[in-house]
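**Student:** below are the sequence and a predicted model for it; my questions follow.
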Amino acid sequence: MSYWLMKSEPEEVSIDDALALPAVPWVGVRNYQARNFMRDTMRIGDGVLFYHSSCAEPGITGIAEVISGSYPDSTQFDVSSKYFDPKATPENPRWMLVDIKAVRKTRLLSLSEMRNCEHLAEMLVLKKGSRLSITPVSSSEWAAVMALLDE
DNA sequence: GCCAACGTTGGC
DNA sequence: GCCAACGTTGGC
């Protein structure tokens, strides 16, 4: 069992949107490192910190769970999608994704609060220049986030 | 809107 | 394989 942090722009898919859906296919990832996490490492049951990015109050807003294995992101084949990739074909898909399910909404754990927590000092999402939309979270970081959310 | 940091592209 | 140019991310 592993843990992850997944960024979502709330104007695209917010935690409330995610909670209203039985499953959220994590479409639109077009970065190879993030794709590889979904394709190669994520497992059903893995824990996910749902993070709002590119918004007024960036931070963790919920808990989710991986509920599928990886499969091709259908938007790569859709010419009308902004995620269309002309180099991808159904025979040779380039982008893979997993489904997640939102488990619960939490209070907003803001980026600044995360930065002020000594137990999260090494968290990848807090590293300078970090832009990866999916990052692994250690079990101690997960525990520290859960403790902060209980405060 | 700014801009630092990073990833990708493409000429050579 | 190098690397300059370009595009994107995302906090502020």
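**Tutor:** Nice, I can see it.

**Student:** same for the longest helix along chain A, what does it pack against?
**Tutor:** With secondary structure taken from DSSP state H, chain A has its longest helix at helix A:139-150. With contacts taken as 3 or more C-beta pairs under 8 Å, 6 or more residues apart in numbering; DSSP states H and E, helix A:139-150 sits against strand A:3-8, strand A:47-52, strand A:99-110, helix A:111-115. All C-beta atoms are positioned from the backbone trio N, CA, C, and that covers glycine.

**Student:** ok and that helix relative to strand A:99-110, angle-wise?
**Tutor:** 60 degrees (axes from the mean of the first three to the mean of the last three C-alpha atoms, to 10 degrees).

**Student:** average pLDDT across helix A:139-150?
**Tutor:** On average, the pLDDT along helix A:139-150 is 97.

**Student:** contacts for it?
**Tutor:** By C-beta atoms under 8 Å, 6 or more residues apart in numbering, the residues outside helix A:139-150 that reach it are A:3, A:47, A:49, A:60, A:106-107, A:109, A:113-114, A:117, A:119-120, A:122-123, A:137.

**Student:** of those, buried ones?
**Tutor:** A:3, A:47, A:49, A:60, A:106, A:109, A:114, A:117, A:120, A:123, A:137 (16 or more other C-beta atoms under 10 Å).

**Student:** of those residues, which is the nearest to DNA strand B?
**Tutor:** Closest approach to DNA strand B among these (C-beta to the nearest atom of the strand): residue A:123, at 14.5 Å.

**Student:** give me the spatial nearest neighbour of that closest one, chain neighbours excluded.
**Tutor:** residue A:141 (5.3 Å; C-beta to C-beta, 6 or more residues apart in numbering).

**Student:** before we move on, what about residue A:37?
**Tutor:** Distances taken as C-beta to C-beta, 6+ apart place residue A:134 nearest to residue A:37, at 5.0 Å, with adjacent residues excluded.

**Student:** residues of chain A that sit close to DNA strand C?
**Tutor:** When proximity is defined as C-beta under 7 Å from any atom of the strand, chain A approaches DNA strand C at A:7, A:9, A:30, A:53-55, A:58, A:111-112, A:131-133.
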